[in-house]
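Undergrad: with the input below, show me the fold.
(one chain, ligands or ions: 1)
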Amino acid sequence: SDRWSNLPPPTPDVVFTLNSKAKAAADPKINLVIGAYRDDDGKPMPLKVIRKAERILLEKNLNYEYLPIEGDPEFCDASVKMLYSGVKDLPRQRIAAVQSLSGTGACRLAAEFVARTTGVNTEVYLPDPTWANHKAIFQFSGFHHVKNYRYFDSNTKGVDIKGMLEDLARAPENSLVVLHLCAHNPTGADPTPEEWNLIADVCQKRKLQILFDSAYQGYASGDLQKDSIAARIFLARGFEYLVAQSFAKNMGLYNDRIGCLSVTCATTVASEKVFGLLQNIIRPMYSNPPAHGARLVKFVLMDETLRAEWEVELKGMADRIIRMRKILRDELVQLQTPGNWDHITRQIGMFSYLGLSKAQSQALQDRRMFVMLTGRASIAGLTANTAKLLAKGIDEVVR
Ligand code: PLP
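TA: Numbers count the residues shown, from 1 in each chain. Below you'll find the model as predicted:
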């Protein structure tokens with residue numbers, strides 16, 4: 001028998017496919033495809049504080065027994081407390097939290113949770129554009145109606161708050177709205193605190209469900225508190241909502257697959273029920289999560305000295321990205337490249353939507369300057385040197 005030869009061709013992942021192409025390309029080249037931090041020399045950079053935590057871990061000589069289904073409870077607690085850094089009287093007993101396989105796994109758990117609570121006919125609203133994986137996560141979790149709300153204004157290269165509010169106001173009650181907590185991927189455009197309050201108003205009025213995707217806390221501004229303003233607004237206003245946290249970027253633990261899904265509930269009774277349901281979802285999926293990343297993260301978050309060192313390194317990464325944005329923008333101004341390039345320094349986080357057409361982005365790729373065809377570039381991949389080369393490349397392709 002031959003069951004599988006006639007399977008339809010797989011859908012290639014645009015990011016990983018282009019990244020492979022960029023990696024295989026000859027030097028000189030600039031690879032700005034994947035969302036991963038690079039140092040001043042363009043090299044991957046394990047955090048010093050993580051190296052320290054690794055040594056502590058080794059010394060402790062811990063065993064490899066299974067973690068509970070929900071993961072390491074100390075890690076989950078530290079993760080939730082980090083999300084709400086600076087919040088006094090955190091209603092921790094109303095927040096159910098489980099360890100997840102990084103941010104992707106947290107989003108997937110959130111999707112399974114909503115599928116089992118309000119059902120797969122719940123309408124799901126994603127920003128347009130959004131992280132490429134969001135749509136597939138919800139579709140593969142069985143949702144029949146995965147839609148978009150307006151998010152990006154290509155004229156101002158900022159948030160289309162009017163369009164966003166209009167679209168959310170039209171969403172049916174109970175719809176799930178996915179919001180990027182900060183450093184929106186791919187546009188680098190975030191709502192202001194005032195705009196977050198308007199978004200909260202419409203979510204409240206329309207009785208929408210909310211999932212915050214937090215893949216970049218601390219990465220946008222270098223300040224954990226500043227970056228989590230949206231979560232604090234929703235907490236203070238008494239919302240029920242989900243948060244998917246990832247430590248891939250802010251601790252540089254990409255391949256450790258360490259994250260957390262937390263669900264803020266109205267009551268302690270609800271949070272206990274939610275916790276139980278999440279355990280029921282996890283057990284048949286992967287039984288229980290790996291311990292290594294959870295141990296590293298909790299050592300860093302729970303130890304005052306390590307935590308302070310981490311925050312310095314985190315700020316260093318955020319600042320370097322901000323510096324690269326400035327070099328790129330200033331160089332474009334210097335070259336008198338047609339157009340306005342202020343959005344490059346206005347946008348925050350790892351990515352910039354450069355504002356290039358598909359043809360212009362392709363022309364950059366042809367020059368071995370690899371940005372996505374949408375014009376998305378991972379600014380974290382630039383160095384002082386390559387930022388100038390990229391500006392020259394952009395100058396050539398837009399003229
Ligand atoms: N969500 C967003 C918006 C992202 O940009 C990413 C990574 O690029 C993720 C989630 C998940 O990343 P990970 O699964 O590596 O934590």
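Undergrad: would you mark the buried spots in the longest helix anywhere in the chain?
TA: Secondary structure of the chain per DSSP state H: the longest helix is helix 304-334. With burial defined by 16 or more other Cβ atoms under 10 Å, the residues of helix 304-334 counted as buried are 306-307, 309-311, 313-315, 317-318, 320-322, 324-325, 327-332. Using the backbone N, CA and C atoms, a C-beta is placed for each residue, glycine as well.
Undergrad: stretch 119-127 now?
TA: 122-127.
Undergrad: so where do the strands sit in the stretch 251-399 of the chain?
TA: 258-264, 351-353, 369-370, 376-378 (DSSP state E, counting those that start in this stretch).
Undergrad: out of those, flag the one nearest the ligand.
TA: Nearest to the ligand among these is strand 258-264 (5.5 Å), distances taken as Cβ to the nearest ligand atom.
Undergrad: centre of the chain to the closest one, how far?
TA: Taking Cα atoms, centre = their mean, to the nearest Å, one finds the center of strand 258-264 at 13 Å from the center of the full chain.
Undergrad: and it, what does it pack onto?
TA: Helices and strands touching strand 258-264, as assessed by 3 or more Cβ pairs under 8 Å, 6 or more residues apart in numbering; DSSP states H and E, comprise helix 73-83, strand 95-101, helix 102-117, strand 241-246, helix 268-286, helix 292-302.
Undergrad: on that earlier part again, tabulate the buried residues of stretch 119-127 (a markdown table), appending pLDDT.
TA: Output for the buried residues of stretch 119-127, formatted as a markdown table (pLDDT from 0 to 100):
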| residue | pLDDT |
| --- | --- |
| Thr122 | 98 |
| Glu123 | 98 |
| Val124 | 98 |
| Tyr125 | 98 |
| Leu126 | 98 |
| Pro127 | 98 |
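Undergrad: so which of the residues you listed are in strands?
TA: 124-127 (DSSP state E).
Undergrad: need those residues in JSON lines (columns: distance to the ligand).
TA: Formatted as JSON lines, those follow (distance: Cβ to the nearest ligand atom, whole Å):
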{"residue": "Val124", "distance to the ligand": "15"}
{"residue": "Tyr125", "distance to the ligand": "15"}
{"residue": "Leu126", "distance to the ligand": "10"}
{"residue": "Pro127", "distance to the ligand": "10"}
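Undergrad: any idea which of those is closest to Leu208?
TA: Tyr125 (7.9 Å; Cβ to Cβ).
Undergrad: mind listing the residues bridging to the closest one?
TA: With beta bridges defined as DSSP bridges, Tyr125 has these partners: Lys147, Val177.
Undergrad: in JSON lines, list the strands of the stretch 251-399 of the chain along with mean pLDDT and mean neighbour count.
TA: Below are the strands of the stretch 251-399 of the chain laid out as JSON lines (pLDDT from 0 to 100; neighbours: other Cβ atoms under 10 Å):
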{"stretch": "strand 258-264", "mean pLDDT": "98", "mean neighbour count": "29"}
{"stretch": "strand 351-353", "mean pLDDT": "93", "mean neighbour count": "27"}
{"stretch": "strand 369-370", "mean pLDDT": "97", "mean neighbour count": "24"}
{"stretch": "strand 376-378", "mean pLDDT": "95", "mean neighbour count": "27"}
